[in-house]
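Q: what shape does this take:
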Amino acid sequence: MEDQPWQADTLDVDAFDFSTNMDSSYRVKIEGRLLDADDDYLDSDDSDDEDEDTEMAEDGQEKKKKDNPPGKKFKLSHFFKAMTVDFDNRSKAKDGADQSVEWKKPSVAPNATNLPNAADFDQLEFKRGGDENMNITINLVRDEPQERFAVSPALADILDSKEATRAEAVMGIYEYIKANGLQEDDEKRSFDCDDRLTAVWNHFLMIVHRDGLVNQYDLQVLQRQQKGYIPYLPDVVMQHMTSLPPVKLPYTIRVDKEFHENPQPTIYDIQVLVDDPLQAALTSYFKNPSYAQDLLDIAELNKRVAVLVQKISNSKSKHAFFDALSKNPTEFIAKWLSSQKRDLEIIAGEASRGGGEDAKGDEWRRGGKDGIWGTDHVRESVNLMVGKQSGLALR
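A: Below is the predicted model:
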């Protein structure tokens with residue numbers, strides 16, 4: 001702020017004309033800072049008073065700060081591709097000139113390592129003339145790798161979000177279909193529409209009908225069927241998505257003496273998308289030459305674990321065998337010999353009905369649901385036997 005009327009110290013109070021003949025002006029600084037989870041919103045100026053590597057302890061002694069994990073630090077211009085400042089219609093320069101401010105990010109090569117100065121900054125500052133308070137609106141246009149869109153209320157009801165990328169919207173609808181069991185068993189590309197999907201799908205059909213791609217009769221047939229088709233989902237979601245409006249920050253430029261006796265910055269909290277730090281770590285790991293050898297080592301360890309599990313299972317079977325033998329040797333040996341006899345008869349092809357067991361007992365004569373003939377094993381055996389003879393299966 002320069003040459004404001006209240007800053008002049010040579011004003012003659014006895015003069016009729018109080019004009020100072022000074023060209024009053026002011027400066028506005030827009031500064032952005034990416035906050036970490038433990039940052040304080042009101043401590044943005046602390047770095048000017050203390051060294052970045054140290055902080056003051058309670059006893060007045062300096063102590064080392066904890067080193068932050070290494071990572072790429074993005075500046076304000078990274079997150080926005082355009083910034084504009086619109087002045088209130090009633091706020092005009094003395095000469096009537098347009099005071100609006102506009103910045104657009106220059107084109108940058110995709111693989112560029114260093115950004116040009118015009119696209120790499122944390123602070124945007126401009127100077128304008130004026131000696132009165134005025135209202136402005138700061139507009140920030142997002143710059144994201146995958147463009148996000150504002151979704152319609154019908155689609156937001158499915159996604160449970162008012163913003164999404166195209167891929168997120170398509171995947172969100174597909175997950176909704178799978179979660180509610182709406183996908184057809186025979187034709188996996190088709191799904192049934194419930195109330196929410198009907199609202200989204202019918203809007204798409206109306207757009208297609210308006211463009212002349214579907215006649216009135218086919219439109220009514222499709223609406224009655226209440227069927228959707230997964231290959232059409234990308235086209236469906238685009239009919240429910242609109243470009244996100246820029247972030248608008250209202251602000252009042254104050255040039256009066258009362259405010260500047262104790263000026264306070266105006267702080268806005270804006271959410272921006274940042275790269276997932278885990279993704280960078282994975283990328284670095286995949287590019288490491290030792291990654292392939294690590295996979296081989298993991299596969300070898302997996303084989304060893306499988307062998308150990310198999311040995312443990314064998315040891316458990318042996319323990320169960322000898323434990324049963326020790327509790328009742330006579331009965332155990334009798335059952336064991338009967339089992340071995342039945343196995344030998346099956347191998348030799350001499351097994352009688354019942355697999356060597358006595359098939360003339362009362363349990364074989366008893367019918368009903370709780371009898372032997374009502375068990376799953378007998379039902380499967382009869383089903384297999386009848387199927388081989390007649391080509392039919394019992395249900």
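Q: and the longest helix for the protein?
A: helix 290-327 (DSSP state H).
Q: show me what it is packed up against.
A: helix 329-348 (3 or more Cβ pairs under 8 Å, 6 or more residues apart in numbering; DSSP states H and E). C-beta here means a position set from N, CA and C on the backbone, and glycine is covered the same way.
Q: list the buried residues for the helix it packs on?
A: 332, 342 (16 or more other Cβ atoms under 10 Å).
Q: show me what it is packed against.
A: Counting by 3+ Cβ pairs under 8 Å, 6+ apart, helix 329-348 packs on helix 290-327.
Q: for the record, mean pLDDT for the longest helix of the chain?
A: The average pLDDT within helix 290-327 is 90.
Q: give me the angle between it and helix 329-348.
A: For helix 290-327 against helix 329-348, the angle by axes from the mean of the first three to the mean of the last three Cα atoms, to 10 degrees is 120 degrees.
Q: for helix 290-327, which positions count as buried?
A: Quick answer for helix 290-327: no buried residues (16+ other Cβ under 10 Å).
Q: I'd like the distance between the closest residue to residue 75 other than its chain neighbours and residue 29.
A: Using Cβ to Cβ, 6 or more residues apart in numbering and skipping residues adjacent in sequence, the residue nearest residue 75 is residue 122, 4.7 Å away. For residue 122, the distance to residue 29 (Cβ to Cβ, to the nearest Å) stands at 11 Å.
Q: give me the contact list for stretch 183-194.
A: Stretch 183-194 has contacts (Cβ atoms under 8 Å, 6 or more residues apart in numbering) with 177, 180, 182, 197, 201, 226-231.
Q: what about it, start to end distance?
A: 11 Å (Cα to Cα, to the nearest Å).
Q: what's the model's confidence in it, averaged?
A: 83.
Q: now swap in stretch 205-214 and tell me
A: 64.
Q: please apply the same query to stretch 118-132.
A: Model confidence over stretch 118-132, given as mean pLDDT, is 83.
Q: send me that stretch as PDB with only the CA atoms.
A: Extracted C-alpha coordinates of stretch 118-132, given in PDB (Å, rounded to 0.1, in the frame of the first residue of the first chain):
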ATOM      1  CA  ALA A 118       6.000 -18.800 -14.900                       C
ATOM      2  CA  ALA A 119       4.600 -22.200 -13.900                       C
ATOM      3  CA  ASP A 120       6.500 -22.800 -10.600                       C
ATOM      4  CA  PHE A 121       5.600 -20.300  -7.800                       C
ATOM      5  CA  ASP A 122       4.000 -20.100  -4.400                       C
ATOM      6  CA  GLN A 123       3.000 -16.500  -4.600                       C
ATOM      7  CA  LEU A 124       1.100 -14.300  -7.000                       C
ATOM      8  CA  GLU A 125       1.300 -10.600  -6.400                       C
ATOM      9  CA  PHE A 126      -0.300  -7.600  -8.300                       C
ATOM     10  CA  LYS A 127      -0.400  -3.900  -7.800                       C
ATOM     11  CA  ARG A 128      -3.400  -1.600  -8.600                       C
ATOM     12  CA  GLY A 129      -4.300   2.000  -8.100                       C
ATOM     13  CA  GLY A 130      -7.000   3.100  -5.700                       C
ATOM     14  CA  ASP A 131      -7.700   4.700  -2.300                       C
ATOM     15  CA  GLU A 132     -11.000   2.900  -1.400                       C
END
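Q: residues touching it, excluding its own?
A: In contact with stretch 118-132 (Cβ under 8 Å, 6+ apart) are residues 4-5, 23-33, 75-78, 83, 85, 91, 93-95, 99, 101, 103, 105-106, 108, 114, 253, 255.
Q: so which bits of that stretch are buried?
A: Quick answer for stretch 118-132 (16+ other Cβ under 10 Å): 119, 121, 124, 128, 130-131.
Q: which of the residues you listed sits closest to residue 240?
A: Nearest to residue 240 among the buried residues of stretch 118-132: residue 119, at 33.0 Å, using Cβ to Cβ.
Q: now the closest one: how far from residue 29?
A: For residue 119, the distance to residue 29 - Cβ to Cβ - is 19 Å.
Q: just residue 128 next, same as before
A: In terms of Cβ to Cβ, residue 128 sits 12 Å off from residue 29.
Q: repeat that for residue 296.
A: Here residue 296 is placed at a distance of 57 Å from residue 29 (Cβ to Cβ).
Q: what's the answer for residue 101, then?
A: 12 Å.
Q: and the two? Which one has more around it.
A: Comparing residue 101 with residue 29 by neighbour count (other Cβ atoms under 10 Å), the higher total belongs to residue 101, at 19 against 9.
Q: list the beta-bridge partners for the closest residue to the more buried one other than its chain neighbours.
A: Closest residue in space to residue 101, ignoring its immediate chain neighbours: residue 85 at 3.8 Å, by Cβ to Cβ, 6+ apart. Beta-bridge partners recorded for residue 85 (DSSP bridges): residue 101, residue 138.
Q: for residue 253, same thing?
A: residue 134.
Q: ok, now which ones touch it?
A: Here residue 253 is in contact with 26, 28, 130, 133-136 (Cβ under 8 Å, 6+ apart).
Q: what's the farthest-apart pair in those?
A: 26 and 135 (13.7 Å).
Q: the two: which has the busier surroundings?
A: Comparing residue 26 with residue 135 by neighbour count (other Cβ under 10 Å), the higher total belongs to residue 26, at 19 against 14.
Q: residue 257 versus the more buried one, what's the distance?
A: The separation that residue 26 has from residue 257, given Cβ to Cβ, amounts to 13 Å.
Q: overlap in contacts of those two?
A: residue 4.
Q: still on that earlier bit, now, which of the contacts of residue 253 sits nearest residue 267?
A: residue 28 (14.8 Å).
Q: can you list the domains in this structure?
A: Domain ranges of the chain: 5-42+73-146+245-274, 149-243, per automatic domain parsing.
Q: make CSV from those domains and add distance to residue 375 to it.
A: Listed next are the domains of the chain as CSV, based on distance: least, Cβ to Cβ, whole Å:
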stretch, distance to residue 375
domain 5-42+73-146+245-274, 58
domain 149-243, 30
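Q: good, wrapping up.
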